Structure formats: structure tokens, C-alpha cells
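Novice: One predicted model, sequence on top.
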Amino acid sequence: MKAFSQLYQTLDQTTSTNAKVAAMAAYFNNATAEDAAWAVYFLSGRRLKRLIGASLLRRWLAECSDLPEWLVEDCYANVGDLAETIALLIAKPSESENSMTLAEQVTALQALSGETEDLQKSIITTWWQTQDYSTCFIVNKLLTGGLRVGVSQLLLARAVAQHADLPRTVILHRLMGEWTPDTSFWHALISEDDGSADISRPYPFCLASPLEDEADALGSIEDWIAEWKWDGIRAQLIHRDQQLFIWSRGEELITKKFPDITDAIGALPDGMVLDGEILPWNNEGVLPFSELQRRIGRKTVGKKLLSEVPCVFVAYDCMEHNGQDIRQQPLYQRRAVLTELLSAYTNDLHLSKPVNARSWQQLAELRGESRQRLVEGLMLKHRNAAFHTGRKRGQYWKWKVEPYTVDAVLLYAQAGHGKRSNLYTDYTFGVWQNDTLVPIAKAYSGLTNKEITTLDKWIRKNTVEKFGPVRSVVTEQVFELAFEGINASSRHKSGIAVRFPRIARWRQDLSPEDADTLAQIQQLITTKDN
Amino acid sequence: MAATATNNPLLQATNRGLECTAGGFTIDPYQSTRISVITHAHADHARRVAEVYYAAKSSVALLKKRLGDDIDIRGVEFGQPFQLGDTSVSLHPAGHVLGSAQVRVEHNGEVWVFTGDFKRDPDPSCEAFELVPCDTFITEATFALPVYQWQPGSDVAAEIWQWWQSMRAADRPAILFCYALGKAQRVLSELTQYTDLPVYLHGAVTPLTDIYRQAGVSMLPTCAVDIKDKRKCYNGELIIAPPGASGSRWVQRFPKAGTGFCSGWMRVRGNRRRRGYDRGFVLSDHADWNGLLRTIEETGARQVLTTHGQAGALIRLLKERGIDARELTTRYNADGESDVSDAV
């Protein structure tokens, strides 16, 4: 554990990406295959199945530290991280004698599953009391969930690539999908020739950047292919060796959730991978995203839901054809392949059709129809673009419509977690309904660090009541909130639910009376449905 | 005696400061007043609002530096009682910074003590904390949660020295952000165990360090950073600067620098990550959780009042232990929950 906890510390103590890559590569150079596989597993944000509930851990912590439970809760609220709270309250400052390797520690953790609560407690609390601070912290991190050490998939791939002396894109591809962190995985990850290719493995998604300049700065419109930016689940369809797989952008295998789509791809030839969007779609066309959410939540879908919310796959791109990786071909060629495939084999998969315009001006007008079409705006893709890995600026742009905005009053605040623990950064906002303010949205992002600090001080000085970690504040501060969509919702007190709410501006020029009313916001729903 | 304490408190938190009617003075006032007693020279405790200042002798030079040479200040020896109105007042070392004092006020046989800011841990740059038994103990509570526990300052200094050496090996400057009064000098003093290399100081730190040196505190040799001298190379050097300089143009003079921050808040990882420093060194001039509890117990006080910090948990715990505890509202670096305070 020592090497891994040292790696964690180094990663945590630097903001330089080069230093992070170097630290990981050095770790891989010295690690056994077993340990390296687990390190990749955790560094890529994967986590162990939760073995023991957080409330149980907190109770043990109270007993172990000889503090009342409420005080442990207070500490946890202040620190914002259970693993860290445990280490702060219990761990010994000196060096520990833990000589387990990372893999051994993981095995020991997994062995706890199925044991009696008493035994789990005795083993875990013994770890707490015998380990030094950083090891105790890491073991608790593994026990309570993710590592969250601020390493992106890309950085991890760079480090493994450096260690194995292979191209980064190869590593990125091999890290996709589902795998078991064992020695054979690690050897396959760093091997020259990836003979044992996993047939379910998706390609890394190609991501677009938001268009910040005017569209006509992109040059001739002839060089660009425009498509609607659909509001669904970005996904990859894989048909290899007579088997079908659907992966979401979050690298989750969602094949079983969409039988309506697997039926359709079965008709396509083998050795094929498509990129596209899963959308709820009935005879009249696309449905709002909130309908799709009803499908996402279920592990398997019943007949009723299938008929109420049928889903389709709208295909954007083709990355593999006849078993060949064609990602480096220019987009217009890949689109030709895609169009041909869909028209030759099936009527049940949709092609994301180009939005044709003769000028940027005309395209901008079409973009104005986005809301009525229930899309988020347009995608602009260069005709010659390769299907690149991750986000690279220049050839793929998302040209979204302007968000909705509303002026709302700060009602409640709660301290954040991780980097924002100890600081009031999670806000709830309300708008007027008659004489009262009703909550309509929670937002966490959009303020600068300086604004956050200022607002934090203000919140502390203007607290009306404390409910556990939440504070209600004097209703005085007005914020302009931006959001992408709005739906009627029976689950919310206000009767509406907004999508991706964030703070656009702190309106210190406005007083609470200037905030919007619920009726004004409800009108936005009606506009959309018309 | 307990009845007197509740009916007519000897010290009261008013909009003027910590006011003593019987003695006709205010401790650490924030609004204009005639006679003041100052616990220490940090800005939230020492303001230029009084006609007369009483303070520990060893803090006079610091107070003059901060409030002006022309203030009417009476330097008092620690432990020497003096009469103010109907009360007998004495100052006792608080161990926070050079010349920092607890104020003991006695009236009709009843004793109140205000700690100002204090710590129990050894600090070679200031007088050691002295325990003063009392009936009512008014204490700071900046770090009043069990997660705040300090390592000895000399251990933290060893970490700082190690970090400095690693920056020397990497040929980069090491900027250590420390509060200009107290923390900077404590670090300079602790580091003498490990080296005699000179340390560079930001302009705000130099005059205060000079005062410490005149008071006989042993510290590493120091020199001023000359920002105008473009040829001077700071690679491998330790530079001490106040936290306010972080993110300023001054820092841009050292593009390759690694950064560290000395503060009790660095005990919690989120605080360090949010501030974006490479290294956080857990070094505080305030009492930690155990220090607070131990001190409260040892004073024998039957009533405990807190002035600033996150006192909620401490007060609840004291009440559960049968001690009469309550929070006072003051303007001393108010909300300990946030890490806005530099003086930590």
C-alpha cells in the first residue's frame, strides 16, 4: 500500500499534468502486474462495490474515536469526506506497519463481503487504528467509493503509454468498456500486439467543443456538415461476432435496456460500430428528454414502458466497417458508408440527416428552430475530419441555442464536498408565487472562486436558520440562472423541473422583488409544447 | 459568585468590543473608546480606535508598527497586576505570537480571563502560554472540532525543510505563504534546527521580522526580495510571503515556483485543494481541539464563553459535561468555519 499511497499523495500535491503523468509512469515501472492492474482500475475512476454502508462506518467511527455520534457527524459535515474524517480522527501520525500490497489490500477488502457485521467491524477498526494517516485514508477511500484524485482518463493513458512505449490512443481504446483488473488485463493493456481484442470494446468517443466565435469565422460553409444536436443519450452500437452491444458515453453497457434498438441493429452486417444518439421517439417524432429518463432508470423494460416510450437510434457516424477501423477516413467518406449501410439493411435505424443551408446566415435561421424541434442546437463537423479521440478543438463544434434564463432569489445554501468542503457552494433558488418564494432549482456552478468566497461570507452572516448542513438565508441575493430545458414535474413543489441549471450571473443590481414569477417560467413550458 | 456572573457580567460583548463596565475599559475594541487593553497585534484585535492602549511590553513595538508611532500605549509586564477602575487587571502569555496576552480581570473576588488567541504548543518565537485559573473563561474557538489536532511545530518545520530541499534539487523557488506577523517568524525560528541558509522575505514580512529580531528571537538570516532586480535568480531559495500575495502580480515574478501554505486549515484536504497550493503545512498558532478542552478543564472555570470560531460543537460538548457554556458574538476574525482568516 505504501507505494500506492505515495503515488496518491504525489498526484494530490501537484497541479502540473506532466508531474502527474511522470508519477504514475514511475509507479507502473515499479509495480507488479497485479498492483498495476488495480491502480489503473482505481485511477480510471472505477470503484469497488460498496461493502459497508456509510452510516455504519460513522457509528464505528464514533465508538472507535470515543466521541459522541453527533460530534462525528459535525466533523464529517465540516470535512466533507468520510474517508478523510476517519483518518483525521483515528489514524496514527507515525509510520504504519501495513505491508500489504495494493492487490492484497483489495482482496482483503473484498473478503469482508458476506462476513458478519462483528467481524467486519473488528477488521476494519483494527486497520483504522494501526495505519498511518495516508494509508488509512486510501484504504477508507477504497472502502467508501471512488478515489477521485483528479486524474483524467487521458492522463492515465499517457502514463501507461509512457510506461509501455505505445501510442496513447491505443491505450485509451484498451481502457474502454468493461474489464477485470487482473494480471492478464495489465499484460494485454501494455502488450505490443493486442491479439485478444475484446469484441465488446467500444472506441473512445469523439467530442466536440462549444462554438464561441461567429460561425462564419469557420470559413466556407461548403466544408462543413451540419446536423441537429439531439438531446438524448450518446451511444455506440457494436455488432461483432454475431453479438450486439450498446455502450453509453459513461461507458456503461446498456444493451439490455434498449431491446427496441438491438432488434434493429441485428439486421446490420457483422464487424460494424456506429456512433449516435438514443432518443425517445413515437409516431409523431422525438419526445422530450424527461421521457427518456423513465427508460434510463430501469434495469429491464416492461412492455408497457416500451410502448409508451419507444426508443430509436439516430446514427451520426460509422467507426468500423467490415471489421476495419475506419476512424481515420474523412468524415464525408464515413458518412457515405453509414448512409449506404442504413439504406441497404434497415428502416429501423435513423440517419442523422445533414441540415442543409447555402449560407451561415441561413443555417443560423434554421438553428432558431431548435427549441420547436426539441433539439439543443446544431453540430458542425468538418467534411474531412477524422473520428478523433476525446476533445480536440477545430473540427467538431457544438453550436447550441442560447439557454433559457431566469432571475431567482437565493433561499438555501449547503457546504460542498471535496475541493469545496467547508464552503457554502450548493445553492437553492426560488421565484415568486404570489407572496412567497418557491424553490425551482439547485445550482452548483457558474460563480468565480472570488464570488464563491464573497457569497460564502455573506451566507454565514445572513443565516436565518440551520437545518443540519443546510442554512436558510435572508432572501436578498438575486442570481440569473441559465438552464437548457424545462418540464412540468409532479415531483417538485413548484410543479416544474429545469435541466442543467447553473448560475449565469450574480445580479447584485437587482433586488428580490425584481426576481421572476413562477407563472413566467411556466409559460416557457407552454411555448415549447406549441 | 455564579449569580453575580449571570446578573452583571464582568465582561460583555458589546458593539464596542469586549467591554468591562466596572473597570471602565474595553478589550480589543472595534469602536472608539477611551481605555483599551489589547491582547495582540493582529488586525482583528488591534485597531486604532482608543485613546489609551494597555498591552504586554513585548507587543508594544509591533502595535506601534501596526497602529502608528503616536499612539498612547502603556507596556505592561506579564503577571504584574494594575488597577483599572474598580478592577485589577493583569496580562499573561497566550503563546499565540510575540507579546500576545490573556487578560485576567478581577473584581470583588471574581476572576474572568479572556484568551485573545492562544495556543499550547511550544513556539520558539514567543512567550509560552501560561495557565490562569478563573471563574469565567472566555476563549477563542477557531479550531473547535476533533479533526483539528496538531503535530509539534518542529515536526512541521522538518516537512518544510524537506520540501525546501526538494525544491532546491529541482532548481525552483519555493514560496511559502505565512501570515506576516507570527507565523512567518515562527517558521524562521523553527528552521534554525535544520539549516543556516538565508530566507527571502516579501516586503510585508520584513519590518515585523526585524522587530522579532530586536526582541532577541533567534531566526534564520533574512533578506528582502527585490522585485525590480530582474537578474536576481531565486531558484532553490525559500521565499516567505503573506497569503494576500498569492495570485498577485508579485508572485508572477517567480513563474517556476512551487507553493506552500502554513495554516491550521491545511489539516483538511479540501481547504488546501481549493486554494490551489502545492503543499499545505499544518502549522497553527491557535489551540487545537485537545488544547481547547484541556485548557478549559485546567482553568477550573465554571462558565465558558466563546468569542470566535466554530463553537457550536464545543459548547454542546461542554454542556453535556455540565459546564455552563455559551457563544458570544464578537468581530474577532469571525467565522472560523471559513478559512478567510489569515491569522491562523
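Specialist: Now that the structure is in, tell me what you want to look at. The structure displayed is predicted, hence computed values, not measured ones.

Novice: So chain A: which segments form each domain?
Specialist: Domain assignment for chain A by automatic domain parsing gives A:2-144, A:206-400, A:404-529.

Novice: Helix or strand for whichever residue of chain B sits closest to chain A, just tell me which one.
Specialist: Taking Cβ to the nearest Cβ, chain A has its nearest neighbour within chain B at B:Gly270, 3.6 Å off. To be clear about C-beta, it is placed using only N, CA and C from the backbone, and glycine gets the same treatment. Assessed by DSSP states H and E, B:Gly270 sits inside helix B:269-275.

Novice: Could you do A:Leu378 as well?
Specialist: With DSSP H and E as the criterion, A:Leu378 is inside strand A:375-382.

Novice: can you give me the mean pLDDT across that strand?
Specialist: For strand A:375-382, the mean pLDDT works out to 94.

Novice: Need the residues that contact that strand.
Specialist: For strand A:375-382, the surrounding residues in contact (Cβ atoms under 8 Å, 6 or more residues apart in numbering or on different chains) are A:208, A:211, A:215, A:218, A:223-231, A:286, A:316, A:331, A:355, A:363, A:366-367, A:370, A:394-401, A:484.

Novice: Can I have the buried ones of those residues as a PyMOL selection?
Specialist: Command for PyMOL that selects the buried part of the contacts of strand A:375-382, burial taken from 16 or more other Cβ atoms under 10 Å in any protein chain shown:
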select buried, chain A and resi 208+211+215+218+224+225+226+227+228+229+230+231+286+316+331+355+363+367+370+395+396+397+399+400+401+484
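
Novice: Check the secondary structure at the residue nearest in space to the middle of chain A for me.
Specialist: What sits nearest the mean C-alpha location of chain A, by Cα atoms, centre = their mean, is A:Gly250, with 6.3 Å. Classification of A:Gly250 using DSSP: H, G, I helix; E, B strand; the rest coil returns coil.

Novice: What score does it have for pLDDT?
Specialist: Listed pLDDT for A:Gly250 reads 76.

Novice: gap between it and chain B?
Specialist: Distance of A:Gly250 to chain B, computed by Cβ to the nearest Cβ, to the nearest Å: 25 Å.

Novice: any idea what A:Trp432 is structurally, helix, strand or coil?
Specialist: Strictly by three-state DSSP, A:Trp432 counts as strand.

Novice: Near it, how many other residues are there?
Specialist: 19 (other Cβ atoms under 10 Å in any protein chain shown).

Novice: show me what contacts it?
Specialist: A:438, A:515-518.

Novice: For the closest residue to chain B within the stretch 151-300 of chain A, which non-adjacent residue is closest in space?
Specialist: In the stretch 151-300 of chain A, no residue comes nearer to chain B than A:Val151, which is 13.7 Å away by Cβ to the nearest Cβ. Spatial nearest neighbour of A:Val151, chain neighbours left out: A:Leu43 (5.3 Å); criterion: Cβ to Cβ, 6 or more residues apart in numbering or on different chains.

Novice: residues near that neighbour, how many?
Specialist: Neighbours of A:Leu43 (other Cβ under 10 Å): 24.

Novice: Same check on A:Tyr412?
Specialist: 20.

Novice: what are the bridge partners for it, then?
Specialist: A:Thr428, A:Ser472 (DSSP bridges).

Novice: give me every residue that touches it.
Specialist: Per Cβ under 8 Å, 6+ apart, neighbours of A:Tyr412: A:427-428, A:439, A:470-473.

Novice: do the same with B:Asp285
Specialist: B:96-97, B:117, B:119, B:123, B:179, B:182-183, B:186, B:264, B:343-344.

Novice: Quick one, which of these are buried?
Specialist: Among the contacts of B:Asp285, the ones that count as buried by 16+ other Cβ under 10 Å are B:96-97, B:117, B:119, B:123, B:179, B:182-183, B:186, B:264, B:343-344.
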